[in-house]
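J.: no FASTA, just this:
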């Protein structure tokens, strides 16, 4: 039977599937609930139209997870088309309206014409767990950042001197704000009592923090309107930030434990600058499967550390930062490159050489990150750990 192409426009409660033949003719168009019985019925009906089916989706996780896994578990050939690519391609089709059926048609037609689409494969349980944990950690960190920003704004409204004097990213000032939020309260407590109160709660450098807080309180003797309610909000926000810190610490332990259980953990963490967290984020993004990245250049492009040309006419060699790449994977390589500059002599020499060539700091770090992609790709390919010094080969 001839090959057919089935495109699915993914939705939260319902998906829309359109099947095209080799000439682009529509064989089926159906809206189905995101429910296993209906999805299995759709799969069976499409297979009756042609056993050689290429499935395509514009979302590969989240609300598409059930449909993707149904297809992969039944041995179907599945490709992924980014939503942005579908949106751009839709402009080339007839009509200006947007419907789920039209989007599914565009997805199927693009799969029919293109041969460069990413083929989706089943992920192992380990990789999926790391992806869930790292995504959860990112959410917690974002929540903590939002609350710290709100805490800064609220505190600067009633006690700006203290907001300037302390770093609310540290535990000590947060503990202080759970008990004392206003200049008058800190002055009444006094330095000795404040230091004792902080010390009893195991705050480091309690004497220094008490002195800083008291000095800030001495600079403000005016109570602003609404200070009492604002102080309660500051207390609540400080408690919430401390709670988020505890949750992040717990999930960091889970991530480190799951990462160390992975077969590639020793190889990945041997590269200077990559620890359990960055290593887990690398595995979550790539699954450690080099069959998806046949060359180091492909991996570097996916990570966004390889420049792309924008040449036109007589202009050539015009390289720019890519627009489409995996943000999380770029963070892994960029952050690990920054860390390696401090603790790896080879990385530091490479960075200093790029700086001597006239490159800015960011450009030099990106160049180092690009070089480290080659190294990590080769280490995973060969299944060996990074060696800081080359082995000495004695003459026979």
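T.: Noted; the coordinates are in hand. Since this is a predicted model, take the numbers as computed values, not measurements.

J.: For stretch 306-320, measure first residue to last.
T.: Taking CA to CA, to the nearest Å, stretch 306-320 runs 9 Å from one end to the other.

J.: what does that stretch rub up against?
T.: 297, 300-301, 321-322, 370 (CB atoms under 8 Å, 6 or more residues apart in numbering). (C-beta placed from N, C-alpha, C; glycine too.)

J.: residues of that stretch that come out buried?
T.: Neighbour counts using 16 or more other CB atoms under 10 Å place 306-307 of stretch 306-320 among the buried residues.

J.: Also stretch 184-196?
T.: Judged by neighbour count (16+ other CB under 10 Å), stretch 184-196 contains these buried residues: 184, 186-187, 189, 194-195.

J.: what ranges do the helices span in the stretch 51-200 of the chain?
T.: Remark: helices assigned in the stretch 51-200 of the chain by DSSP state H, counting those that start in this stretch are 65-73, 83-90, 100-113, 125-158, 160-165, 171-179, 183-200.

J.: Now render those as a markdown table, adding distance to residue 335 and mean pLDDT.
T.: Listed next are the helices of the stretch 51-200 of the chain as a markdown table, based on distance: least, CB to CB, whole Å; pLDDT from 0 to 100:
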| stretch | distance to residue 335 | mean pLDDT |
| --- | --- | --- |
| helix 65-73 | 28 | 94 |
| helix 83-90 | 25 | 89 |
| helix 100-113 | 34 | 94 |
| helix 125-158 | 13 | 95 |
| helix 160-165 | 28 | 94 |
| helix 171-179 | 23 | 95 |
| helix 183-200 | 33 | 94 |
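
J.: Those into JSON lines, with extra columns for distance to residue 9?
T.: As requested, the helices of the stretch 51-200 of the chain are exported to JSON lines (distance: least, CB to CB, whole Å):
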{"stretch": "helix 65-73", "distance to residue 9": "11"}
{"stretch": "helix 83-90", "distance to residue 9": "8"}
{"stretch": "helix 100-113", "distance to residue 9": "4"}
{"stretch": "helix 125-158", "distance to residue 9": "24"}
{"stretch": "helix 160-165", "distance to residue 9": "48"}
{"stretch": "helix 171-179", "distance to residue 9": "46"}
{"stretch": "helix 183-200", "distance to residue 9": "57"}
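
J.: If you rank the contacts of stretch 306-320 by neighbours, which is first?
T.: Within these, most neighbours by other CB atoms under 10 Å means residue 300, with 24 neighbours.

J.: That residue contacts residue 371, doesn't it?
T.: No: with contacts counted by CB atoms under 8 Å, residue 300 stays clear of residue 371, the gap being 9.5 Å.

J.: Might one say that residue 248 is in contact with residue 137?
T.: Yes: shown here, residue 248 and residue 137 form a contact pair, counting by CB under 8 Å, at 6.5 Å.

J.: Who has more neighbours out of these two?
T.: residue 137 (19 against 15).

J.: unless I'm mixing things up, the more buried one is touching residue 251, no?
T.: Yes: counting by CB under 8 Å, residue 137 does reach residue 251; the two are 5.1 Å apart.
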